[in-house]
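Participant: Fold the following for me, if possible:
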Amino acid sequence: MCWPCHYCFEHDKRRFAALSPDVWARKLAAIKALSPEQYQLLHIKYPDLVPEA
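Facilitator: Below is the predicted model of the structure:
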């Protein structure tokens with residue numbers, strides 16, 4: 001990702017998900033596959049954005 005997109009992903013996940021839903025879905029799939037623990041933490045923090053595993 002370019003720097004502005006990466007910054008948005010790291011610091012404003014709701015905005016990133018709204019602006020780039022396809023990229024958001026691909027990133028979630030990658031996180032779920034590579035780090036289930038991190039995925040679970042994202043779900044706890046953002047239950048409206050991250051479906052339960």
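
Participant: Please make it C-alpha for all contacts and neighbour counts, starting now.
Facilitator: Fine.

Participant: residues in contact with residue 32?
Facilitator: Residues counted as contacts of residue 32 (C-alpha atoms under 8 Å, 6 or more residues apart in numbering) are 38, 39, 53.

Participant: what number of residues lie near residue 36?
Facilitator: Number of residues near residue 36 (other C-alpha atoms under 10 Å) recorded here: 14.

Participant: sorry, that was for residue 31
Facilitator: Neighbour count for residue 31, taken as other C-alpha under 10 Å: 16.

Participant: before we move on, back to that, adding distance to residue 1, write the contacts of residue 32 out as JSON lines.
Facilitator: Formatted as JSON lines, those follow (distance: C-alpha to C-alpha, whole Å):
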{"residue": "38", "distance to residue 1": "20"}
{"residue": "39", "distance to residue 1": "19"}
{"residue": "53", "distance to residue 1": "25"}
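
Participant: Can you select the buried ones among these for me in PyMOL?
Facilitator: Buried residues among the contacts of residue 32 (16 or more other C-alpha atoms under 10 Å), as a PyMOL selection:
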select buried, resi 39
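
Participant: got the CA coordinates for the helix ranked longest in the chain in PDB?
Facilitator: Using DSSP state H to define each element, the chain has its longest helix at helix 21-34. Output of helix 21-34 as PDB, limited to C-alpha atoms (Å, rounded to 0.1, in the frame of the first residue of the first chain):
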ATOM      1  CA  PRO A  21     -13.900  -2.500   1.200                       C
ATOM      2  CA  ASP A  22     -12.300  -4.900  -1.300                       C
ATOM      3  CA  VAL A  23      -8.800  -4.200   0.100                       C
ATOM      4  CA  TRP A  24     -10.100  -4.400   3.600                       C
ATOM      5  CA  ALA A  25     -11.600  -7.900   2.900                       C
ATOM      6  CA  ARG A  26      -8.300  -9.100   1.400                       C
ATOM      7  CA  LYS A  27      -6.300  -7.800   4.300                       C
ATOM      8  CA  LEU A  28      -8.600  -9.500   6.800                       C
ATOM      9  CA  ALA A  29      -8.300 -12.800   4.900                       C
ATOM     10  CA  ALA A  30      -4.500 -12.500   5.000                       C
ATOM     11  CA  ILE A  31      -4.400 -11.600   8.700                       C
ATOM     12  CA  LYS A  32      -6.800 -14.500   9.500                       C
ATOM     13  CA  ALA A  33      -4.600 -17.000   7.600                       C
ATOM     14  CA  LEU A  34      -1.300 -15.700   8.800                       C
END
